[in-house]
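Q: Build me a structure from this.
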Amino acid sequence: MRLTISEAEDLVVSILLRNTVREDNARAVARALVAAEAAGQGGHGLRRVPTYAAQAMAGKVDGFATPVATKTAEAVLRIDAAFGFAYPALDLAVAELAPLAAKTGIALAAIHRSHHAGVMGLTVERFAEQGLVALMVANTPAAMAPWGGRTALYGTNPIAFAAPLPDADPIVIDLAMSKVARGKIVTAKQKGLTIPADWALDADGHPTTDAAKAVEGTMMPLGEAKGAALALMVELLAAGITGAQYAFEASSLLDDKGAPPALGQTVIVIDPKASGGADMLPRLSLLAEMIGSDPGARLPGKRGATQRRLALANGLELEDDILQLLGA
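A: This is a model prediction of the structure:
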């Protein structure tokens, strides 16, 4: 089945409305999930809808929550997601941080009592489209052990970064600290597919190609010890300094059992003109041009932006298993 972006969003909204989610929150979630699907990030896209709906119905996420921002310092916002979905809180951060960074040169939002942050590249890109540089980190429920250990203490803990270019799509970097995003393993489990043996360990600490066993085990860190160290850094930035729950304290994002995960996200936004002068955007463009002039080199973010434009023009082709998950 092929749906337009608008039709796909309306479908998600209709499902969430039937599962105790307020309409404005449902619309924020739908925009984020459909944008993820359009960007080719299916693990953070429409496959999440049934779980989100079940969690809202069970009260694991509050579909009627309203995020609240409190200015705690000249350029710092503390945002309480109120055990609701992350996307309304992130929308609030984008609305409040952009003008604040334009005024102060740099601004930070610390979000707590939050939920799944989805494709964070889509969030930081919204700042880059306004001429700002943005860095975002988020913690996720425990899925990765410290290097050398067996007990999952860190999440996959993604980092996202975006920088504006004057006459082109922004540079967007979005990566998990695990070797692959956990969403890819969840997708493989849903499809009954095997995974590469170096993606994850089973519950006994052995490499596995079984996606179901991988979900019950731990993820392999990106770059081995270095990735595990970066996951710790993200844990401290996203949860330690925001007052959110650490990964090992958070309940799963993959089921409707337990208390709200109460995760954290931190967003830092910089006005490049304040930090480097009025000619900063051309300087950023110069580096991008040098990368683009190298045959075979690819600027991060280009592929996703191209896929979203195609989806906007041609709609989304939804696989049969997604349609079954959505009951469509």
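
Q: which SS state does Glu7 fall under?
A: Recorded secondary structure, Glu7: helix (DSSP: H, G, I helix; E, B strand; the rest coil).

Q: same thing with Gln324?
A: At Gln324 the chain is in helix, as set by three-state DSSP.

Q: Then Ile185?
A: Assigned by three-state DSSP, the conformation of Ile185 is helix.

Q: Which residues are in contact with it?
A: For Ile185, the contacting residues are Ile195, Trp199, Ala200, Ala211, Ala214, Val215, Met219, by Cβ atoms under 8 Å, 6 or more residues apart in numbering. Every residue, glycine included, has its C-beta placed from N, CA and C.

Q: Output the residues you listed in a markdown table, with secondary structure appended to each entry.
A: Putting the contacts of Ile185 into a markdown table (three-state DSSP) gives the following:
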| residue | secondary structure |
| --- | --- |
| Ile195 | coil |
| Trp199 | coil |
| Ala200 | strand |
| Ala211 | helix |
| Ala214 | helix |
| Val215 | helix |
| Met219 | strand |
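
Q: Tabulate these in TSV, adding columns for distance to Glu235.
A: Formatted as TSV, the contacts of Ile185 follow (distance: Cβ to Cβ, whole Å):
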residue	distance to Glu235
Ile195	25
Trp199	21
Ala200	19
Ala211	25
Ala214	21
Val215	20
Met219	14
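
Q: what's in contact with the strand or helix carrying Ile79?
A: Counting by DSSP states H and E, the element that carries Ile79 is strand 76-80. Applying Cβ under 8 Å, 6+ apart, the contact partners of strand 76-80 are 67-72, 89, 92-93, 96-97, 100, 107-113, 242.

Q: Just the buried positions in the longest helix seen in the chain, please.
A: Ranked by residue count and defined by DSSP state H, the top helix of the chain is helix 86-104. Across helix 86-104, burial judged by 16 or more other Cβ atoms under 10 Å covers 86-94, 96-98, 100-102, 104.

Q: Flag the least confident of the contacts of Ile185.
A: In terms of pLDDT, the lowest of those is Val215, showing 86.

Q: give me the number of residues near it?
A: Val215 sits with 18 neighbouring residues when counted by other Cβ atoms under 10 Å.

Q: Tell me what angle the longest helix of the chain forms with strand 76-80.
A: 170 degrees (axes from the mean of the first three to the mean of the last three Cα atoms, to 10 degrees).

Q: helices and strands around helix 86-104, which ones?
A: helix 23-38, strand 68-73, strand 76-80, strand 106-114, helix 120-128, strand 263-270 (3 or more Cβ pairs under 8 Å, 6 or more residues apart in numbering; DSSP states H and E).

Q: same thing but 7 Å
A: Secondary-structure packing of helix 86-104 (3 or more Cβ pairs under 7 Å, 6 or more residues apart in numbering; DSSP states H and E): helix 23-38, strand 76-80, strand 106-114, helix 120-128, strand 263-270.

Q: Beyond the last one, next helix or strand please.
A: Beyond strand 263-270 in the direction of the C-terminus, DSSP H and E gives the next helix or strand as helix 272-276.

Q: That following helix: how far from the chain's middle?
A: Centroid separation for helix 272-276 versus its chain: 27 Å, with Cα atoms, centre = their mean, to the nearest Å.

Q: List the buried residues in it.
A: Pro272, Ala274.

Q: what comes into contact with it?
A: Residues outside helix 272-276 that contact it (Cβ atoms under 7 Å, 6 or more residues apart in numbering): Gly105, Val133, Met280, Leu281, Leu284.

Q: What is the nearest of these to Ala117?
A: Ala117 lies nearest to Val133 out of the contacts of helix 272-276, by Cβ to Cβ, at 18.8 Å.

Q: who touches the nearest residue to that closest one once chain neighbours are set aside in this structure?
A: Once flanking residues are discounted, Val133 sits nearest to Ile270: 4.4 Å by Cβ to Cβ, 6 or more residues apart in numbering. Residues counted as contacts of Ile270 (Cβ under 7 Å, 6+ apart) are Ala101, Ile106, Leu132, Val133.

Q: And Arg47, by the same measure?
A: Taking Cβ under 7 Å, 6+ apart as the criterion, Arg47 is in contact with Thr187, Gln190, Ile322, Leu325.

Q: Present those as CSV; the columns should include pLDDT, neighbour count and distance to Leu236.
A: Output for the contacts of Arg47, formatted as CSV (pLDDT from 0 to 100; neighbours: other Cβ atoms under 10 Å; distance: Cβ to Cβ, whole Å):
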residue, pLDDT, neighbour count, distance to Leu236
Thr187, 84, 20, 29
Gln190, 83, 17, 32
Ile322, 87, 20, 36
Leu325, 84, 17, 35
